[in-house]
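In: What follows is a predicted protein model with its sequence.
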Amino acid sequence: RFGTDDFLVVTWPGYELADARSDRLPAILAEKDVDGLIARVDTSRSTIRTLVRDYRLPLAEAVDRLRGLYVGRDGKSGCAVFTFTARGMDNRRDTLEFVKSVCEKDLGIKRSDLILAGYPVVGDYGDRIVRESLQRSLGPCCLISTIIAWLCLRSLRMTLAIFETGGLASGLSIAFVTLSGAKWGGLSSVIPSLAYLLSLSNTLHLVNYARSRDNRRVIYRVIPMGWKPCVLSALTTSVGMLSLSLSDYPAIRVFGFFCATGVLGSLVCQLILMPVLIDLAWDPRQANALITKRNRLFEYVVTHPTRLVILFLSASIIAGAGLPALRSDLQVERNFSSRADVMQDIARLEETLGPLEQTELIIRFANAT
């Protein structure tokens, strides 16, 4: 009922109560905000004028009351607070760009001088570093996984077939989100990776089914043996993801739905594309050699069970030693480097104005009608 409560605090070096440039902001926004991104803007000067005009407070008292909120500790520094609409929050990157453009073109303030803080800035920065980390990691991860797959399969054609199927499944998951008009964020960036890994896992199983002793053509022995495990795996994963759609948080609901969609899309790739590629890339000589090596591995596992159990238990204990140290935190910005621009802006603003925290105030009326 109360709309969005996400706000953006903007100030700049030398912004004092005597600076009249901020008075032009409401008129500028009314003219240029054609997309309805900003619900309202409150400045230090406009808030002081409201207290003086509507509540008959002396100017000095009004300034003192707003100290630490709209007025700095020195009683001179000021700021502007932009409240976003629901559309503005859904398109926060465009909204932030719009605010920066208005300050630069209409108020004559350089972008580099602007100090911005608030949840929209923190959220946009989080989305940006997730995208950048994925872009940096994508190439090395593909290279490492390709090498590992080749070492296991010892067939370049089979390796390329597996990664082609996984890449198509990942691309389909991206297409589902993009074509639906949904916005990409830090959480949704995980969806392509999930679709890729599930496709990779199931297609490896299909390759192993092809190595059976059945004398029929490869494609005719892969599909009858492999469709049930692939379908069960995809369905159980998609049902688990769909359960997230019951969350109270819109971002998690969208994430769960598109994860399930991406998983089912990867299933289609596995059952339609992969058997054909296996059939085309199948080399009986390499397959027989791998079957011989696999039999040796099975023999070692059967003859040394105690040694392997101790090895894997030790590895699990070492890998899980840090689990008790994990802590959850609702303060997202604590996960960012103190040297990040967004964190430095928050520190500068808190030093000038006061603590930047969102609080909720509940007002109860005794005889409400």
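Out: Okay, I see it.

In: What is the longest helix of the protein by residue count?
Out: helix 119-153 (DSSP state H).

In: That one: how far from the chain's middle?
Out: Offset of helix 119-153 from its chain centre (CA atoms, centre = their mean, to the nearest Å): 12 Å.

In: In the one helix or strand Leu242 maps to, which residues are buried?
Out: Assigned by DSSP states H and E, Leu242 belongs to helix 218-242. By 16 or more other CB atoms under 10 Å, the buried positions in helix 218-242 come out as 218-219, 221-223, 225-227, 230, 233-234, 237-238, 241-242. Every residue, glycine included, has its C-beta placed from N, CA and C.

In: cool, and stretch 356-369?
Out: Leu356.

In: Check the offset of the helix or strand following the helix holding Leu242 from the chain's centre.
Out: With elements assigned by DSSP H and E, the helix or strand that comes after helix 218-242 is helix 250-272. Remark: helix 250-272 is offset 16 Å from the chain centroid, using CA atoms, centre = their mean.

In: Point out the other helices and strands that helix 250-272 packs with.
Out: Applying 3 or more CB pairs under 8 Å, 6 or more residues apart in numbering; DSSP states H and E, we find helix 250-272 packed against helix 156-180, helix 191-210, helix 218-242.

In: and those as CSV, adding distance to Val276 and mean pLDDT?
Out: Below are the helices and strands packed on helix 250-272 laid out as CSV (distance: least, CB to CB, whole Å; pLDDT from 0 to 100):
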stretch, distance to Val276, mean pLDDT
helix 156-180, 9, 87
helix 191-210, 11, 83
helix 218-242, 7, 86
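
In: Could I get these in CSV, plus columns for distance to Pro275?
Out: Formatted as CSV, the helices and strands packed on helix 250-272 follow (distance: least, CB to CB, whole Å):
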stretch, distance to Pro275
helix 156-180, 10
helix 191-210, 7
helix 218-242, 5
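
In: To Asn335, which of the ones you listed lies closest?
Out: Asn335 sits nearest to helix 191-210 of all the helices and strands packed on helix 250-272, at 19.3 Å, using CB to CB.

In: roughly how far out does the closest one sit from the chain middle?
Out: 23 Å.

In: Buried residues in it, which are they?
Out: 191-196, 198-200, 202-207, 209-210.

In: ok, back up a step: hmm, which two among the buried residues of helix 218-242 are most spread apart?
Out: Val218 and Leu242 (34.1 Å).

In: number of nearby residues for Ile310?
Out: By other CB atoms under 10 Å, the residues close to Ile310 number 10.

In: Can you give me the distance of it to Glu299?
Out: 19 Å (CB to CB, to the nearest Å).
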